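A.B. asks: task: produce atomic coordinates for the following.
(chains A, B and C)
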Amino acid sequence: MSAREKILNAIAINQPELTALPVMDRNVLIRYEDVYAQFKKVLESIGGKVELIQKITELKNKLIADKASGNFVVNAIAAIGEVDNQVVSFTASELEKVERAYIRGTVGVAENGAVWIYESQMVNRLLPFICQHLIIVIDKPAIVPTMHHAYDSVDVAREGFGAFIAGPSKTADIEQSLVIGAHGARSATIYVIE
Amino acid sequence: MKATHATLAEKFIADEPRTDWHDETLWFVREKRDKAAHGLPEWEQLREWGSQIKNHTLSNLSDYLKEFEEKATANGIKVHWAADGDEHNKIIHEIIRKHNIQKIVKSKSMLTEECHLNEYLQEHGIEVVDTDLGERIVQFRKEPPSHIVLPAIHLKKEDVSATFHEYLHTEKGNNDPQYLTEAARQHLRDKFVQSQLAITGVNFAVAETGGFVVCTNEGNADMGAHTAPVHIACMGFEKIIPKAEHLSVFLRLLARSATGQPITTYSSHFQKPRPNQEMHIVIVDNGRSRQLGREDFRNSLKCIRCAACFNTCPVYRRSGGHSYHTAVAGPIGSILNPNLDMKANADLPFASTLCGSCTNVCPVKINIHEQLWKWRQVIVAEGYVATSKKIGMKGMGFLLSKPKVYRFAGKMGRWMMRIVPFVANNKLNVWYKQREMPEPPKESFRDWYLKNGKTNKK
Amino acid sequence: MKVALFIPCYIDQFYPQVGIATLQLLEKLGCNVSFPLQQTCCGQPMANSGFASLSKGCDVNFVENFSGFDYIVAPSGSCVLHVKEHLRDEKRPEVAQKIRIGIYELTEFLTDILKVENINASFPYKVGLHNSCHGQRGLQLSSMTERMLPEFSKPEQLLSMVKGIQLSKPKRNDECCGFGGTFCVSEEAVSVKMGKDRIKEHDANEVEYITGGDTSCLMHLEGILKRQGSKVKTIHIAEILNSGL
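C.D. replies: Prediction:
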């Protein structure tokens, strides 16, 4: 008998009688008067920066200036400039030099400051993790109160990969002292479009 | 005999200032958890949902695993099954051999600790680099992690500084956590970009989609998994949940319970391998199906490894993770490990005052302290206690069930304080080592009552 | 109201004053109290050590002594919890069941059954309250810091009725003292360290007494206090509630 059969048989014999899944009443969930204010408050408390802007095009000049600085800047947002599609095939040692990456997010979550990003929005899966500084752009109406609402709005199986990212990379593994910038981005700025 | 929790704890406590520091630090984490939980009016309801989803999953586990396998396979992920730790290690070794892989990075996976994967691969001449900062620190020091979420919590920054000076050539005596973390970042970025294989754990695997979720704060799981041409994710079969929507409940509970964060920085949802990447999942039993069959203990398989029970446990905070001599320490470890090896871990269910705090913080409502009590009964019934203790307990049971004998013994010299310590520890009066004995009164309550009590005696 | 008094073995043998205070307090509050004379122990010392199988004799003796009462009251959260959770009698299961339902820890009996609103007692001292785990988490005598539920405390509710008392709480209000039954000797180092840490927090409040509903916790803390040469004394909550004007 294969390990698979051995395991599945043992489980089938030992698992208890079927119990029901809970019915989750959304009425008990926390409500926020202003989801944007909550999103900003939480994200800033975990090391992120949040800025409200009127139009996405406001970021065009910022991107141009960033690129002109001589740093390796990658843009993954069509609305603010040409998308650097070539990074799809970049190796990790090439991406390791990315100073700043501009990436679109789908949904923001007020209760925890997380933003969902699909793989297609990242261009390369590694990009939001390996870049030194991460810039994410979301729409204000796309901020939902809780994770329950967030999973309503995204389809986690739509693409090969996706992630909730909440602020910059961090660790407290040395004496519980918080250090921002463990392995991933040293900073995370989220631009919210009004 | 191998060292028990009690003797290892005594050694830990011998350095009292460090014990105080350890206790305070973990209590601080517990307080952060309280604050985060208080932030959600639905907290207790969330725990109930988490518990019910997990109960349901365990009750339909074989079907959910088959569903997961089918979906994952359709997504291009290769699914493997391992009956025990050894099979798990061999599966991974085989993949390494097939690709002639030299450079391996691994993010945190308590399962691989449980299976002793690193040691196994090392014996075959293969080096694995642990990439979680805490795990890298203890790996340099050739120590096991002492906590499942905070692996190096038993160490102070001076210790880390000395270790990094030795292995990463950081400045001697520079204890700044920022500086030390930066050094690890540079060192590990090199390892990431060169990696040929990334091994990760799995926090949740979704039956409905065939995908899985890995949570980290550092981003180390992603750095490896999105770089290496081969990714192996290792999971105990209890990591399965039915639907993607259920992730909402668990992601809300996990980080709040673990560290008081509203969510981990990265909650990565892996669905398919990258083009030209190989993605494997190893589903491991290693005693879990046996635990599933133990009615009193099966719900320990609901655990989501948040370590809230560690941080709240007054014993863990004062004895340190290594005193539990197992991969998963703390209260949850003490109800999981007797299933893995009852004889070797017979001491663990006794390393608790049964205060019940663990049960109260558990985000999926595992009745940990009740299971500790029940394991004690099983361990005694299976004969894994000292004969002297058995004889003493028999004597006590006899004495206390016979009113006349009890009273006679009481008069004979307040038997209890004499017999109890002996029975429990097999040494003469351990109570007295750091505590005074209660002063024996001139008469028992019953004696007083017979003289002074009311007349309506039964 | 037929009330039976259960005085756990170690109180009977070492702390008779706790039994006396409990009896007098219940009688003052108008209860008709009986003390079944052949009682011994609830069986917890064996059961918590893994020898529940050896506590059957205790169980049978307990059922013999305590059948036929409306209520059974004991000044010990721990023993009451053990009876509530584990008392079994194969020959008389329904009697054992009735006892499990009818047994109360002293403070919950006062607040929930007698619904005491006034207590004629005075205790003009600085007192720190130690919540025993079995009382607090097991019997839910007070809210717990781990749970996100409304705050309450039955022992505090009663102590607040005592004249002159200055009640204080330690920083970690529901941390275990480390007694834990045979744990206090089988894990001596951890047990004592836990007790010392509780005392340190009460010391920070400059208390004169540490009180609580479980003599076992207090015995452990008393042992450490005495060894430290501390002036702080331990006293069972029944003794405070029974202290005359």
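A.B. asks: identify the residues contacting the residue nearest to the spatial centre of chain B.
C.D. replies: Among the residues of chain B, the one closest to the centroid is B:V328, at 3.3 Å (C-alpha atoms, centre = their mean). B:V328 makes contact with B:110, B:113-114, B:148, B:305, B:336-337, according to C-beta atoms under 8 Å, 6 or more residues apart in numbering or on different chains. All C-beta atoms are positioned from the backbone trio N, CA, C, and that covers glycine.
A.B. asks: kindly report the same for B:M342.
C.D. replies: Applying C-beta under 8 Å, 6+ apart, the residues near B:M342 are B:378-379, B:382, B:384.
A.B. asks: what does B:T209 give?
C.D. replies: A:156-157, B:71, B:244, B:271.
A.B. asks: then C:C42?
C.D. replies: C:C42 is in contact with C:6, C:8, C:58, C:62, C:79, C:82-83, C:87, counting by C-beta under 8 Å, 6+ apart.
A.B. asks: next: A:L126.
C.D. replies: Contacts of A:L126 by C-beta under 8 Å, 6+ apart are A:92, A:95, B:222-223, B:226-227.
A.B. asks: kindly reformat those as CSV containing pLDDT.
C.D. replies: Compiled in CSV, the contacts of A:L126 are given as follows (pLDDT from 0 to 100):
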residue, pLDDT
A:A92, 96
A:L95, 97
B:D222, 98
B:M223, 98
B:H226, 98
B:T227, 97
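A.B. asks: of all the residues you listed, which two lie farthest apart?
C.D. replies: A:L95 and B:D222 (12.1 Å; C-beta to C-beta).
A.B. asks: between the two, which has more neighbouring residues?
C.D. replies: Neighbour tally, A:L95 and B:D222, criterion other C-beta atoms under 10 Å in any protein chain shown: the higher count belongs to B:D222, 29 against 21.
A.B. asks: buried ones among the contacts of B:T209?
C.D. replies: A:156-157, B:71, B:244, B:271 (16 or more other C-beta atoms under 10 Å in any protein chain shown).
A.B. asks: just the ones of these in helices?
C.D. replies: With DSSP state H as the criterion, helices contain B:K71 from among those.
A.B. asks: of the buried ones among the contacts of B:T209, just say which sits nearest to A:E51.
C.D. replies: Nearest member of the buried ones among the contacts of B:T209 to A:E51, counting by C-beta to C-beta, is A:V156, at 27.8 Å.
A.B. asks: check contacts around A:A3.
C.D. replies: Going by C-beta under 8 Å, 6+ apart, A:A3 touches B:81-83, B:87, B:285.
A.B. asks: repeat the analysis, applying 7 Å as the threshold.
C.D. replies: Counting by C-beta atoms under 7 Å, 6 or more residues apart in numbering or on different chains, A:A3 makes contact with B:81-83, B:87.
A.B. asks: now swap in A:Q121 and tell me
C.D. replies: A:76, A:103-105.
A.B. asks: now these in JSON lines, with neighbour count and distance to A:V87?
C.D. replies: As requested, the contacts of A:Q121 are exported to JSON lines (neighbours: other C-beta atoms under 10 Å in any protein chain shown; distance: C-beta to C-beta, whole Å):
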{"residue": "A:A76", "neighbour count": "24", "distance to A:V87": "8"}
{"residue": "A:I103", "neighbour count": "22", "distance to A:V87": "11"}
{"residue": "A:R104", "neighbour count": "20", "distance to A:V87": "15"}
{"residue": "A:G105", "neighbour count": "24", "distance to A:V87": "18"}
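A.B. asks: ok, the residue of chain A found nearest chain C - contacts?
C.D. replies: Residue nearest to chain C within chain A: A:I30 (12.1 Å; C-beta to the nearest C-beta). Residues in contact with A:I30 (C-beta under 7 Å, 6+ apart) are A:111, A:145-146, B:40-42.
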